[in-house]
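[1] I'd like to go over a predicted model; first the sequence, then the structure.
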Amino acid sequence: MAFMVKTMVGGQLKNLTGSLGGGEDKGDGDKSAAEAQGMSREEYEEYQKQLVEEKMERDAQFTQRKAERATLRSHFRDKYRLPKNETDESQIQMAGGDVELPRELAKMIEEDTEEEEEKASVLGQLASLPGLDLGSLKDKAQATLGDLKQSAEKCHVM
């Protein structure tokens, strides 16, 4: 029982006296954190530097991805004549201003553009009509063109 009281009160007492004490304990606090990790002070500082560098790299990659997405959104806004968004422009500027789309996204946009151009053409409109067979229509047109060529060859005026 005395042991339990001592551990409960003793730990709190050490915390109280540690906060009232001088700057010596702060140096021990860094050392104890390094020792708690099982490293020397130099190893611990190097470890902390590596953590900071890795975090900076992750943040840079995240910023780049956000800028790529903003570029994609601004592309679609231009394409469909929608109002521009200030946050997208600021994200692009944060990444350096000159952001290119990843290849996969560029391919997707190119495929969408080709599909829309195909649908906008006359044949694309005809293909969307129900009950119309383009294959038979094409065969009839070729047959008619062949008949016209044959009749033109027989004509003496031409």
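    Thanks, I have it.
[2] Going along the chain, name the helices of this protein.
    Across the chain, reading from the start of the chain, the helices by DSSP state H fall at 2-20, 24-36, 41-79, 86-94, 103-120, 122-127, 134-154.
[3] Averaged pLDDT, the second one. What do you get?
    Averaging the model's pLDDT scores along helix 24-36 yields 58.
[4] quick one: pLDDT of residue 79?
    Residue 79 carries a pLDDT value of 79.
[5] And it, how close does it get to residue 116?
    Here residue 79 is placed at a distance of 9 Å from residue 116 (C-beta to C-beta, to the nearest Å). For glycine as for every other residue, the C-beta is placed from the backbone atoms N, C-alpha and C.
[6] Would you map out the domains in the protein?
    With the TED database serving as the domain definition, the record reports that the chain contains domains spanning 38-96, 99-127.
[7] which stretch in those domains is the model least sure about?
    When mean pLDDT is averaged over each of these, domain 99-127 scores lowest at a mean of 75.
[8] List the buried residues of that domain.
    When burial is assessed from 16 or more other C-beta atoms under 10 Å, domain 99-127 yields the following buried residues: residue 99.
[9] Return the distance of that domain from the chain's centre.
    Here domain 99-127 shows a centroid-to-chain-centroid distance of 21 Å under the convention C-alpha atoms, centre = their mean, to the nearest Å.
[10] now swap in stretch 74-94 and tell me
    Stretch 74-94 has its C-alpha centroid displaced from the chain centroid by 15 Å (C-alpha atoms, centre = their mean).
[11] Could I get the buried residue list for it?
    Residues of stretch 74-94 classed as buried under the neighbour-count rule (16+ other C-beta under 10 Å) are 74, 88, 91-92.
[12] And stretch 37-52, by the same measure?
    Of the residues in stretch 37-52, those buried under the neighbour-count criterion (16+ other C-beta under 10 Å) are residue 44.
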